[in-house]
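A.B. asks: Sequence first, predicted model second:
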Amino acid sequence: MSDESALLREPWLDFGRQREAGKFGIWVFLASETLFFGALILTYTVCRIEHPDAFTAAGRETNIWYGTINTAVLLTSSLTMAMASQASEASARLRRLVLVCLMLTAMLGLAFIVIKGFEYKEDIDKQLVPGAGFALSQPGAQLFYGFYWLVTGVHAIHLSIGIALVSRLFWVLLRRQLPAKDNPEIEVTALYWHLVDIVWIFLYPLIYLPGRAS
Amino acid sequence: MNRQGESGGVVRHLWARNLLIWAALLALLVLSLVAAYVPMGRMTTASGIIIAGVKSTLVVLLFMELASAKPLIRIAAISGLVFVIAMFALTFADVLARI
């Protein structure tokens, strides 16, 4: 009961309603994010229909190992994030598990950004930035890499925000400023984190898998 | 002691459930990687996207717990998908008619 009163915020009089409202709010936000990334992926699809060969050639130039390892890293971070969220709901005695899982999630998110940094360095060295001196001759290939830089950049910004949110939660819970049990902030942050993972799940076959079979 | 045993059981259950989902996600990742190297024409591209769809369904239903969410939450979640489908359908109605 004392945990709930520590977590209760205005304008709610009831903690149960506050949790439901928070969850509903984040899902509405995630629906808008789905449309945002959906529009980018739609643009990619239309360009790919118009330039199939150029997109195949461009996709082949991406580093599949960086992409695959990063996908595995992000899927694992979703595991630790789900564990943190579910442990917070399960029992007040699992505070340590929540903390460890939050720390692992933030570290896996950071690992993703670092690996992406190495990949960006390689892409720049291979002259895969659209503009003068671009490595590939087909004009459609520049469209592919325009999408690549835009969408991976926007995704990295989303992930960085996620890392900041998870790190803040870890710090607040570590210092016992808020209880871990049933904390709606953990649940809401977890939902955001999973969406960032889902966006990457769809980007993986669009960016890294074209042109491998030919 | 009894309480400790109880929370130990909860932890084991949580890890067992979530590790199973994680293992399925990684297996699907490997499957999509292997399928990308198999020349099947358009099916090669489709396989990658279908597997991504299966992976995201697992994440949404089980990690994000939409499978056990209340109807209001489900409506909010599905609304995003509905509008994305409308956006794709209306665009393709134009683009595919021009080919």
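C.D. replies: It's in. Numbering: from 1, shown residues only, chains lettered A, B, ... in the order given.
A.B. asks: Tell me which other helices or strands the helix-or-strand element of chain A with minimal mean pLDDT touches.
C.D. replies: Least confident helix or strand, chain A: helix A:2-7 with a mean of 79, by mean pLDDT, DSSP states H and E. The contact analysis (3 or more C-beta pairs under 8 Å, 6 or more residues apart in numbering or on different chains; DSSP states H and E) places helix A:2-7 against helix A:15-50. In short, each C-beta sits where N, CA and C put it, glycine included.
A.B. asks: Pass me the low-pLDDT residue ranges in chain B, would you?
C.D. replies: Across chain B, the ranges flagged by pLDDT under 70 are B:1-4.
A.B. asks: Next: chain A.
C.D. replies: Counting by pLDDT under 70, chain A contains low-confidence ranges at A:1-2.
A.B. asks: ranges for the strands of it?
C.D. replies: Read by DSSP state E, chain A holds no strands at all.
A.B. asks: do you know how far the nearest residue to residue A:25 once chain neighbours are set aside is from residue B:91?
C.D. replies: Nearest residue to residue A:25 in three dimensions, chain neighbours excluded: residue A:188, at 7.9 Å (C-beta to C-beta, 6 or more residues apart in numbering or on different chains). Distance, residue A:188 to residue B:91, by C-beta to C-beta, to the nearest Å: 32 Å.
A.B. asks: The two - which one has more neighbours?
C.D. replies: Between residue A:188 and residue B:91, residue A:188 has the larger neighbour count (other C-beta atoms under 10 Å in any protein chain shown), namely 20 against 15.
A.B. asks: Contacts only, for the more buried one.
C.D. replies: Counting by C-beta atoms under 8 Å, 6 or more residues apart in numbering or on different chains, residue A:188 touches A:22, A:23, A:25, A:26.
A.B. asks: what domains does the record give for chain B?
C.D. replies: B:1-64, B:69-99 (automatic domain parsing).
A.B. asks: Buried deepest among the ones you listed, which one?
C.D. replies: Per-stretch averages of neighbours, counted by mean count of other C-beta atoms under 10 Å in any protein chain shown, single out domain B:1-64 among the domains of chain B, with a mean of 16.
A.B. asks: so what's residue A:141 up against?
C.D. replies: Contacts for residue A:141 (C-beta under 8 Å, 6+ apart) come out as A:51, A:54, A:55, A:57, A:58, A:134.
A.B. asks: picking up where we left off before, looking at the contacts of residue A:188, which one is closest to chain B?
C.D. replies: Nearest to chain B among the contacts of residue A:188, counting by C-beta to the nearest C-beta, is residue A:23 at 5.9 Å.
A.B. asks: Leaving out sequence neighbours, find the closest residue to the closest one.
C.D. replies: Spatially, and ignoring its direct neighbours in sequence, residue A:23 is nearest to residue B:73 (5.9 Å; C-beta to C-beta, 6+ apart).
A.B. asks: check contacts around that neighbour.
C.D. replies: A:23, A:24, A:27, B:66.
A.B. asks: does the second one really touch residue B:72, like I thought?
C.D. replies: This points to residue A:24. Yes: using C-beta atoms under 8 Å, residue A:24 makes contact with residue B:72 at a distance of 6.0 Å.
A.B. asks: Let me see the ranges of the helices in chain A.
C.D. replies: With DSSP state H as the criterion, chain A has helices at A:2-7, A:15-50, A:52-61, A:64-90, A:95-125, A:139-174, A:184-207.
A.B. asks: My error: substitute chain B in the last question.
C.D. replies: B:2-36, B:42-58, B:71-98.
A.B. asks: closest one to residue A:87 among those?
C.D. replies: Residue A:87 lies closest to helix B:2-36 among these, at 6.1 Å (C-beta to C-beta).
A.B. asks: same for that closest one, what does it pack against?
C.D. replies: Using 3+ C-beta pairs under 8 Å, 6+ apart as the contact test, the elements touching helix B:2-36 are helix A:64-90, helix A:184-207, helix B:42-58.
A.B. asks: Go again with 6 Å.
C.D. replies: Helix B:2-36 is packed against helix A:64-90, helix B:42-58, with contacts defined by 3 or more C-beta pairs under 6 Å, 6 or more residues apart in numbering or on different chains; DSSP states H and E.
A.B. asks: would you turn those into JSON lines with distance to residue A:177?
C.D. replies: Converted to JSON lines, the helices and strands packed on helix B:2-36 look like this (distance: least, C-beta to C-beta, whole Å):
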{"stretch": "helix A:64-90", "distance to residue A:177": "15"}
{"stretch": "helix B:42-58", "distance to residue A:177": "34"}
